[in-house]
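Visitor: here is a sequence with its predicted model. Questions after.
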Amino acid sequence: MGTVVQLKNRLNNSYSDLKNSVEDKLVLVEEKIKTKLSSKVHLVDEMTKYHLRTGGKKLRALLTLGSSKLCGYLKGSRDINLAACIELIHSATLMHDDVIDNGQIRRGKKTLNSIWGNQSSILVGDYLLSRCFEMMVEDGNLEILKLLSSTSAEISQGEVLQLQHKGEIDMLEETYLKIISAKTAALFAAAAKVGSILANKENRIKDALEFYGKNLGLTFQIADDTLDYNSELKLFGKEIGNDFYEGKITLPIILLYQKANLKEKKILKDCFEKKIRSEIEFKETLSMINKYNIISECYKKADHFINLASNSLSIFDNSKEKEILQNLTSFSLERNF
């Protein structure tokens, strides 16, 4: 428990520092999103307003604003428009994700698909993406248009790759990393790179920020997947086990299956072949995870990507903006408190 408390305390000045450093622009991003999502079609308007009320940390938008500030883009509003665009891409993928996973709860509230059904949720997700492409065209920069459109395609391919390997208990760690690299890290990479494009920086700066964002995103997703099996979090009232009950094969299960004995492998295989998993089975899985110290192993994997992300910023001169982005790597590891 001591470790969790330390992580909680360490955490989250980094996120707050980033948010506070661009607070004025973040407000404008949120206003831009509201404006772009308004619709004369009542159901579209109702669903998008509900989605906005569910909140979210806006971390990808913050990353675009923070990288823009780091690169010296201080005048103009293109960073605001593109931060809103990136956040809408993320929102659209969440809507589609919830349909694919039959998700019922997100951010503590009912999902769109659980209220309005799958068909409407898919179409509203598509509506968000359409608005995104409008914003890209309005910006007028072909490099940004190419970056964000190719990122959207990569996210979709990651979704398909995950479906292709659904329920594959002996999934390779390499396959898992390919999935999360496409589904999560690609948008982080784009969000970070956009700032350098807006500031007309040279390619080595663009590459450094893209690399930073990618490794930050990998850390972020590994943390998310790991925290879902961290029994210590129950002490703080956090619900865990969602991935387990949905039958998702994530890093904790992959590493557990590698270490498990033959009897335990059979238990895990039988469990994830079922359509529905029980609380008793979850507790049994947690017991095995604790037995083999899997949570610690996952954090070690995440630490590797944290170091890569942090080191990639060495190309920049020391500044408050650089320090904030470096510290954000710690936030991505323990963000769910």
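Guide: Here it is on my side, so go on. Numbers count the residues shown, from 1 in each chain.
Visitor: strands of the chain, start to end?
Guide: Counting by DSSP state E, the segments of the chain that form strands are 105-106, 109-110.
Visitor: what about the last one, average pLDDT?
Guide: For strand 109-110, the mean per-residue pLDDT is 90.
Visitor: show me what contacts His96?
Guide: Contacts for His96 were tallied using Cβ atoms under 8 Å, 6 or more residues apart in numbering; they are 121-122, 125, 159. Backbone N, C-alpha and C define where each C-beta goes, glycine included.
Visitor: inside helices: which ones of the residues you listed?
Guide: Where those overlap with helices, as defined by DSSP state H, the overlap consists of 121-122, 125, 159.
Visitor: measure Val22 to Gln157 for me?
Guide: Counting by Cβ to Cβ, to the nearest Å, the gap from Val22 to Gln157 is 31 Å.
Visitor: those two: which is more packed in?
Guide: Here Val22 and Gln157 are set side by side on neighbour count (other Cβ atoms under 10 Å), and the busier one is Val22, at 24 against 15.
Visitor: my guess is that one meets Leu62, correct?
Guide: Yes: counting by Cβ atoms under 8 Å, Leu62 is a contact partner of Val22 at 6.4 Å.
Visitor: list the contacts for the closest residue in space to Thr111 that isn't next to it in sequence?
Guide: The shortest distance from Thr111 to any residue that is not its chain neighbour, by Cβ to Cβ, 6 or more residues apart in numbering, is 4.3 Å, and that residue is Asp98. If a contact means Cβ under 8 Å, 6+ apart, then Asp98 has 106, 111-114, 121 as its contacts.
Visitor: could you measure from Asp98 over to Ile180?
Guide: Remark: distance between Asp98 and Ile180 (Cβ to Cβ) = 18 Å.
Visitor: for Arg107, same thing?
Guide: With Cβ to Cβ as the criterion, Arg107 and Ile180 are 20 Å apart.
Visitor: so if I had to pick from those two, which one is more boxed in?
Guide: Comparing Arg107 with Ile180 by other Cβ under 10 Å, the one with more neighbours is Ile180, at 22 against 12.
Visitor: can you check what pLDDT the model gives the more buried one?
Guide: At Ile180, the predicted lDDT confidence score is 98.
Visitor: ditto for Ser14
Guide: Model confidence at Ser14, given as pLDDT, is 84.
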